[in-house]
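[1] Can you look at this prediction? I've put the sequence above it.
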Amino acid sequence: MIIVLDFGGQYNQLIARRVRECHVYCEVHPHTMTLEQIKELNPKGIIFTGGPNSVYGEDSPTYQKEIFELGVPILGICYGSQLMAHILGGKVETAPVSEYGKTEVDVNTSSVIFEGVSEKTICWMSHTDYIAEAPAGFKVVASTPVCPVAAMECPEKKFYATQFHPEVMHTQEGITMLSNFVYKVCGCSGDWKMDSFVESTIEQLREKIGDGKVLCALSGGVDSSVAAVMLAKAVGKQLTCVFVDHGLLRKNEGDEVAAVFGPDGPYDLNFVRVNAQERFYSKLAGVTEPEAKRKIIGEEFIRVFEEEAKKIGAVDFLVQGTIYPDVIESGLGKSAVIKSHHNVGGLPDYVDFKEIIEPLRLLFKDEVRNAGRELGIPEYLVSRQPFPGPGLGIRIIGEVTEEKVHIVQDADYIYREEIAKAGVDKDLGQYFAALTNMRSVGVMGDGRTYDYAIALRAVTTSDFMTAESAHIPWEVLEKVTNRIVNEVKGVNRVLYDCTGKPPATIEFE
Ligand code: XMP
């Protein structure tokens, strides 16, 4: 295993993903992790991440020197490289010229880290400090005209450091450098694979659960679906999945989930579908404030789930679809406060259970999808784009009514259908239709209309924290617009949202 020690870098998760792409298991831990904890995990290598600080700052994150005495290979990246230099007696200074972006770097290909890399290679730089002098015992193995120590090494002790970011795609040969580190320096064998993970997790779940009862809130999203199938394979009928249809799902989604997980589907589990549409619509009647809507939907969801759980009685385990980015983010104390997020499967207060099971807590989203494929879950479920817990409730601006839900469902269905037909969905992070609360005047046939405007949204994003409005071909937008105004009653105008995040968010509320 490789440990990524996080010093506040924005690419911490990316480093872990890249290492896992080399089929080497990897975990991200905060830099406050103790030396004892590191020793317990017995890592084959450690990677120090970048970070926004200067090693000389008073409160800058650091680590005790003894980490360099563990006999474990260490790779320092950006801030991590400066920290290595600083702790081991080198000199770090503010660079006279800071480098940002794609930069040509001269590398010494006799260094094991740069084996197979071109002598001049494009790397991603982002720094204001730099290593002015490498510590004694280190050799400089890469540089740029303004960065004398773009990489350094001490092969005897297996310490390596790069000022640039090998984990970022813009570093053209970065993955070669990282695989050199994990295979050639750390001696990892690269046998971490999804099929073995899926098999061993199912085996572990079976052992842990024994003949206990398990309850799972199934949303039909990727995470809860993959978790549910893993448990179904592990313990079959000991698992009950409760699927709450809150009436804010995409068109046909409820039936699709029921077709896969219900009695006619391939899995041997207890499936309970709760049709709670009316209940949600009546709670939402007259409510227009986004946060109030989010809270009502989140709370009502939990209440419905609790009521169903009561009918089932005490259970031993409750399943959560937590995935690794959630674990990392909560562990490192980061939190988004722009919107109160609600994940279907949020913790209910009154469900009688002894323990929580999180079978996906070590996986990134793309790994969850691969696990789903490994488990034979249909592709349309596995590759489903993210859908927020409050569903269409936050894609209808203002008051939610059943009529508006049908309008946005139909418009969204057409949009998704046309995007798929045109084959332009490959690079899109998320795309959907939303119902603006705006009505405007139009003309249809010979008559005046006064109907709603639908907003179409499509974004490209790597992490959903920032996003760009996607360039959907005009012909596709035109086709979607024509179909929506012709086929969806109550809509006479279609708008395309060109805003990025920030300043907008991806969802509308
Ligand atoms: P925003 O709108 O904040 O969305 O830019 C970022 C990503 O988060 C999703 N999202 C949610 N997901 N529960 C969820 O599970 C929520 O309450 C929620 N709100 C937004 C959104 O779809 C996008 O992928």
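    Arrived safely, thanks for sending.
[2] so how far is the helix or strand hosting Val97 from its chain's centroid?
    Assigned by DSSP states H and E, Val97 falls within strand 91-107. Taking CA atoms, centre = their mean, to the nearest Å, one finds strand 91-107 lying 30 Å from the centre of the chain it belongs to.
[3] now for it, which elements pack on it?
    The contact analysis (3 or more CB pairs under 8 Å, 6 or more residues apart in numbering; DSSP states H and E) places strand 91-107 against helix 79-87, strand 120-133, strand 139-144, strand 147-154. Every residue, glycine included, has its C-beta placed from N, CA and C.
[4] In TSV, list the ones you listed along with mean neighbour count and distance to the ligand.
    What follows is the helices and strands packed on strand 91-107, written out as TSV (neighbours: other CB atoms under 10 Å; distance: least, CB to the nearest ligand atom, whole Å):
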stretch	mean neighbour count	distance to the ligand
helix 79-87	26	27
strand 120-133	20	24
strand 139-144	20	36
strand 147-154	24	35
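[5] Adding mean pLDDT as columns, could you present these in a markdown table?
    Listed next are those as a markdown table, based on pLDDT from 0 to 100:
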| stretch | mean pLDDT |
| --- | --- |
| helix 79-87 | 97 |
| strand 120-133 | 95 |
| strand 139-144 | 98 |
| strand 147-154 | 97 |
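[6] Neighbouring strands - and their directions - for whatever helix or strand Ile46 lives in?
    Using DSSP H and E, Ile46 sits within strand 45-48. As defined by DSSP bridges, the strand partners of strand 45-48 come to strand 2-6 (parallel), strand 74-77 (parallel).
[7] quick one, which of those strands is nearest to Ser200?
    Within these, the stretch nearest Ser200 is strand 2-6; the backing value is 18.9 Å (CB to CB).
[8] pLDDT of the closest one, averaged?
    For strand 2-6, the mean per-residue pLDDT is 96.
[9] List every C-alpha atom in it, with coordinates, as PDB.
    What follows is strand 2-6, C-alpha atoms only, in PDB (Å, rounded to 0.1, in the frame of the first residue of the first chain):
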ATOM      1  CA  ILE A   2       1.000   3.600  -0.700                       C
ATOM      2  CA  ILE A   3       0.100   6.400   1.700                       C
ATOM      3  CA  VAL A   4      -0.600   9.800   0.400                       C
ATOM      4  CA  LEU A   5       0.100  12.300   3.200                       C
ATOM      5  CA  ASP A   6      -2.000  15.300   2.600                       C
END
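[10] and it, how far from the chain's centre?
    Distance, stretch centre to chain centre, for strand 2-6: 18 Å (CA atoms, centre = their mean).
[11] ok, the residue nearest in space to the middle of the chain - contacts?
    With distances taken as CA atoms, centre = their mean, the chain has Lys365 as the residue nearest its mean C-alpha position (5.2 Å). Residues near Lys365 by CB atoms under 8 Å, 6 or more residues apart in numbering: Val222, Ile323, Pro325.
[12] how about TSV for those residues, with pLDDT and secondary structure added?
    Shown next, in TSV, are the contacts of Lys365 (pLDDT from 0 to 100; DSSP: H, G, I helix; E, B strand; the rest coil):
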residue	pLDDT	secondary structure
Val222	93	helix
Ile323	89	coil
Pro325	78	helix
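[13] closest to Gly500 among the residues you listed?
    Pro325 (21.3 Å).
[14] So which elements touch the helix or strand hosting Phe305?
    Per DSSP H and E: Phe305 is located in helix 290-312. Helix 290-312 sits against strand 214-217, strand 239-245, strand 270-275, helix 277-284, with contacts defined as 3+ CB pairs under 8 Å, 6+ apart.
[15] Am I right that Phe138 is in contact with Glu156?
    No: if you go by CB atoms under 8 Å, Phe138 and Glu156 don't touch, sitting 10.2 Å apart.
[16] quick one: which of these two has more around it?
    A direct count of neighbours by other CB atoms under 10 Å for Phe138 and Glu156 places Phe138 higher, at 23 against 7.
[17] rewinding a little: among the helices and strands packed on helix 290-312, which is the most enclosed?
    strand 214-217 (a mean of 27; mean count of other CB atoms under 10 Å).
[18] Name the residues that touch that strand?
    Residues from elsewhere that reach strand 214-217 (CB under 8 Å, 6+ apart): 224, 227-228, 231, 235, 238-244, 305, 309, 312, 315-319, 344-345, 351, 353, 357.
[19] hey, C-alpha coordinates of the next helix or strand after it in CSV?
    Once the chain leaves strand 214-217, the next helix or strand it forms, by DSSP H and E, is helix 222-235. Listed next in CSV are the C-alpha coordinates belonging to helix 222-235 (Å, rounded to 0.1, in the frame of the first residue of the first chain):
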residue,chain,number,x,y,z
VAL,A,222,-24.8,4.3,-8.8
ASP,A,223,-23.4,4.1,-5.2
SER,A,224,-26.5,2.6,-3.5
SER,A,225,-27.1,0.3,-6.4
VAL,A,226,-23.6,-1.1,-6.3
ALA,A,227,-23.7,-1.4,-2.5
ALA,A,228,-27.0,-3.2,-2.7
VAL,A,229,-25.9,-5.7,-5.3
MET,A,230,-22.8,-6.5,-3.3
LEU,A,231,-24.9,-7.2,-0.2
ALA,A,232,-27.4,-9.2,-2.2
LYS,A,233,-24.6,-11.4,-3.5
ALA,A,234,-23.2,-11.7,0.0
VAL,A,235,-26.3,-12.4,2.1
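[20] which other helices and strands contact helix 222-235?
    Counting by 3+ CB pairs under 8 Å, 6+ apart, helix 222-235 packs on helix 194-209, strand 214-217, strand 239-245, helix 253-261, strand 317-319, helix 365-374, helix 379-382.
[21] can we see that at 6 Å?
    helix 194-209, strand 239-245, helix 365-374 (3 or more CB pairs under 6 Å, 6 or more residues apart in numbering; DSSP states H and E).
[22] For Lys489, find the nearest of those.
    strand 239-245 (23.2 Å).
[23] if we can go back for a sec, could the helices and strands packed on helix 290-312 be laid out in a markdown table, adding mean pLDDT and distance to Asn53?
    As requested, these are exported to a markdown table (pLDDT from 0 to 100; distance: least, CB to CB, whole Å):
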| stretch | mean pLDDT | distance to Asn53 |
| --- | --- | --- |
| strand 214-217 | 95 | 40 |
| strand 239-245 | 96 | 45 |
| strand 270-275 | 97 | 49 |
| helix 277-284 | 97 | 45 |
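[24] Save those as JSON lines, and put in distance to the ligand too.
    Below are these laid out as JSON lines (distance: least, CB to the nearest ligand atom, whole Å):
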{"stretch": "strand 214-217", "distance to the ligand": "12"}
{"stretch": "strand 239-245", "distance to the ligand": "14"}
{"stretch": "strand 270-275", "distance to the ligand": "19"}
{"stretch": "helix 277-284", "distance to the ligand": "15"}
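[25] re earlier: if you count neighbours, what's buried in the helix holding Phe305?
    Buried residues in helix 290-312, counting neighbours by 16 or more other CB atoms under 10 Å, are found at 290, 293-294, 296-298, 300-305, 308-309.
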